[in-house]
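Enquirer: Have a look at this prediction, sequence included:
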Amino acid sequence: MYYLCSIMLTVSALPTDLKQIAEKVNAGTRISDEEGLLLFEKASLGFVGSLANSIRERLHGDITYFNRNFHIEPTNVCVFSCNFCSYSRLYAHRDEGWELGMDQMLDIVKSYDGKPVTEVHIVGGVHPKMNLEFFAELLRKIKLHRPGLHIKGFTAVELDYMFRKAKMGNEEGMKYLQEAGLDSLPGGGAEIFHPEIREKICADKVGTEGWLHIHETAHQLGMQSNATMLYGHIEKYHHRIDHMKQLRELQDKTRGFNTFIPLKFRNKDNDMSGIPESTIVEDMKMYAVARIYLDNFPHLKAYWPMLGRQNAQLSLSFGVNDIDGTIDDTTKIYSMAGSEEQNPSMSTAQLVSLIKQVKRKPVERGTLYNVVRDYSKVDPDEIDTNPILS
Ligand code: V47
Ligand code: SF4
């Protein structure tokens, strides 16, 4: 409430165009593409931050969600060659990468037996020999072993390749995986939709239309999904707005997206290493403008392994209401791209105290934002010693 009032009190001191945007946000009205661009180009960080925070507090109050999950990365062998990717190895160089077998992946799942994780996130390279049937079998086996575990799996890039290889359309392929146990889709592979940029950074994988169609199909089948955007490289502000516009339009149609996740480009060991990384000011602006522009997305997530813990904490004042999860494993996609988090894992106690330090309310969620436990009244020091909480 404080932020809303402070904006109302100060709008008169703003240039007319920014004043109109503040008035729209205060009234809960959608801003236009031009206004989104103006925010990127002209508004101060303080201005976009306070607007974004007012929206965040209107939607979620102080609640900051986190999730207890683990990742399975079946392989980093990939038929594609995105220029920003530090992680993949071409099939010809597969001896430098990894390829997990079915039993190895099930052993990862079993290693969480008795631990209170609610989600497994499956994501990896596009391996020419790991096909739809292989992954359907994996899904069935995971569900057989732990029926209550939510499986969020496969980017639209992986799905597009699997379906095409199996000679199935998106609907047929998606239904097949859904019946095998797939619950929802992560948001990866979106990068930047605008062809001027997409052709330069990831020309050979699924295009924008295909990415959007896969998510639309999932939504029509009752599955929810996330959406990402890889920012801070060669794209311009108008490409970011174009990207978010396409997501906003699809969301108007389906209401199937849960959360938007801006992914900061990291520049270590890839074909775009010469491009400097974005500054923290730019990162916070990105979150804030996304929160303001994407009025129909319920959640905005900062993926802490990529952004770093301190910056993820800071983002909670710039529209973010979710900092992903404990992750707790060997997620390599960011550590290989230069993230400071070489072994991304945070305990529940660490996550809870990170959120509490900035006076927000930590709430553990399931993948679909069902509340698992409210930690706002729990002392982080108690968590590690209490088996129900840890
Ligand atoms: O699509 C690859 C990105 C994505 C780099 O839905 C890079 O909950 C920065 O989408 N610098 C895959 N980013 C990961 C992903 C994701 C992560 C966490 C949560 C969810 C979710 C989805 O990783 C790729 C690409 O955009 N990526 N290389 C890099 N050098
Ligand atoms: Fe393959 Fe994904 Fe890396 Fe692109 S970003 S090369 S699709 S693993």
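Expert: That came through fine. Ligands and ions are numbered 1, 2, ... in the order given.

Enquirer: From now on I want contacts and neighbour counts done on CA atoms only, so please keep to that.
Expert: Will do.

Enquirer: and the residue positioned nearest the centre of the chain, backbone torsions?
Expert: In the chain, the residue lying closest to the centroid (C-alpha atoms, centre = their mean) is Ile261, at 3.6 Å. Dihedral pair for Ile261: phi -130, psi 100, per degrees, to the nearest 10.

Enquirer: ok but Asp242 is inside a helix, no?
Expert: Yes - the assignment for Asp242, made by DSSP: H, G, I helix; E, B strand; the rest coil, places it in a helix.

Enquirer: Find the nearest non-adjacent residue to the residue nearest to the centre of the chain, please.
Expert: Ranked by C-alpha to C-alpha, 6 or more residues apart in numbering and with sequence neighbours excluded, the top spatial neighbour of Ile261 is Thr228, at 4.6 Å.

Enquirer: and the strand or helix carrying that neighbour, anywhere near ligand 1?
Expert: Assigned by DSSP states H and E, Thr228 falls within strand 224-231. Yes - using C-alpha under 6 Å from any ligand atom, we find that strand 224-231 touches ligand 1 at Asn226, Thr228, Leu230.

Enquirer: helices or strands up against that strand?
Expert: The helices and strands touching strand 224-231, judged by 3 or more C-alpha pairs under 8 Å, 6 or more residues apart in numbering; DSSP states H and E, are strand 184-185, helix 208-220, helix 237-254, strand 257-264.

Enquirer: got the angle for that strand vs helix 208-220?
Expert: Using axes from the mean of the first three to the mean of the last three C-alpha atoms, to 10 degrees, the inter-axis angle of strand 224-231 relative to helix 208-220 is 150 degrees.

Enquirer: In stretch 51-59, which residues are buried?
Expert: Along stretch 51-59, these residues count as buried under the neighbour rule (16 or more other C-alpha atoms under 10 Å): Leu51, Ala52, Asn53, Ser54, Ile55, Arg56, Glu57.

Enquirer: out of those residues, which are inside strands?
Expert: Among the buried residues of stretch 51-59, no residue falls in strands (DSSP state E).

Enquirer: what's the burial count for Ala312?
Expert: 24 (other C-alpha atoms under 10 Å).

Enquirer: Report the contact partners of it.
Expert: Contacts for Ala312 were tallied using C-alpha atoms under 8 Å, 6 or more residues apart in numbering; they are Ala302, Tyr303, Trp304, Ile323.

Enquirer: give me that answer again for 6 Å
Expert: Contacts for Ala312 (C-alpha atoms under 6 Å, 6 or more residues apart in numbering) come out as Ala302, Trp304.

Enquirer: To which secondary structure element is it assigned?
Expert: Going by DSSP H and E, Ala312 is part of helix 309-315.

Enquirer: so does that helix get close to ligand 1?
Expert: No - with C-alpha under 6 Å from any ligand atom as the criterion, ligand 1 is not reached by helix 309-315; the gap is at least 13.2 Å.

Enquirer: immediately after that helix, which helix or strand?
Expert: Defined by DSSP H and E, the subsequent element after helix 309-315 is strand 322-325.

Enquirer: before we move on, back to that, let me know the closest of the residues of strand 224-231 next to ligand 1 to ligand 2.
Expert: Leu230 (10.3 Å; C-alpha to the nearest ligand atom).

Enquirer: interface residues of this protein facing ligand 2?
Expert: So the chain meets ligand 2 at Cys78, Phe80, Ser81, Cys82, Cys85, Tyr87, Ser88, Gly124, Gly125, Val126 (C-alpha under 6 Å from any ligand atom).

Enquirer: Restricted to buried residues, select these in ChimeraX.
Expert: In ChimeraX, this line selects whichever of those come out buried by 16+ other C-alpha under 10 Å:
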select :78,80,81,82,85,87,88,124,125,126
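
Enquirer: As TSV, the residues of the chain next to ligand 2 with pLDDT would be great.
Expert: Converted to TSV, the residues of the chain next to ligand 2 look like this (pLDDT from 0 to 100):
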residue	pLDDT
Cys78	95
Phe80	96
Ser81	94
Cys82	97
Cys85	95
Tyr87	83
Ser88	84
Gly124	95
Gly125	95
Val126	96
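
Enquirer: Turn the residues of the chain next to ligand 2 into a markdown table, columns for secondary structure and distance to ligand 1.
Expert: As requested, those are exported to a markdown table (DSSP: H, G, I helix; E, B strand; the rest coil; distance: C-alpha to the nearest ligand atom, whole Å):
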| residue | secondary structure | distance to ligand 1 |
| --- | --- | --- |
| Cys78 | coil | 12 |
| Phe80 | coil | 12 |
| Ser81 | coil | 11 |
| Cys82 | coil | 8 |
| Cys85 | coil | 4 |
| Tyr87 | coil | 7 |
| Ser88 | coil | 9 |
| Gly124 | coil | 8 |
| Gly125 | coil | 10 |
| Val126 | coil | 12 |
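
Enquirer: Assign a three-state SS to the residue nearest to Asp17 when sequence neighbours are not counted, would you?
Expert: Nearest non-adjacent residue to Asp17, counting by C-alpha to C-alpha, 6+ apart: Glu35, 7.9 Å away. The three-state assignment at Glu35 reads helix, by three-state DSSP.

Enquirer: Okay, Glu35 and ligand 2: tell me how far apart.
Expert: 31 Å (C-alpha to the nearest ligand atom, to the nearest Å).

Enquirer: what's the answer for Phe47, then?
Expert: Per C-alpha to the nearest ligand atom, Phe47 is found 34 Å from ligand 2.

Enquirer: Which strands or helices does the helix or strand hosting that residue pack on?
Expert: Element membership for Phe47 (DSSP H and E) is helix 45-60. Here helix 45-60 touches helix 280-293, going by 3 or more C-alpha pairs under 6 Å, 6 or more residues apart in numbering; DSSP states H and E.
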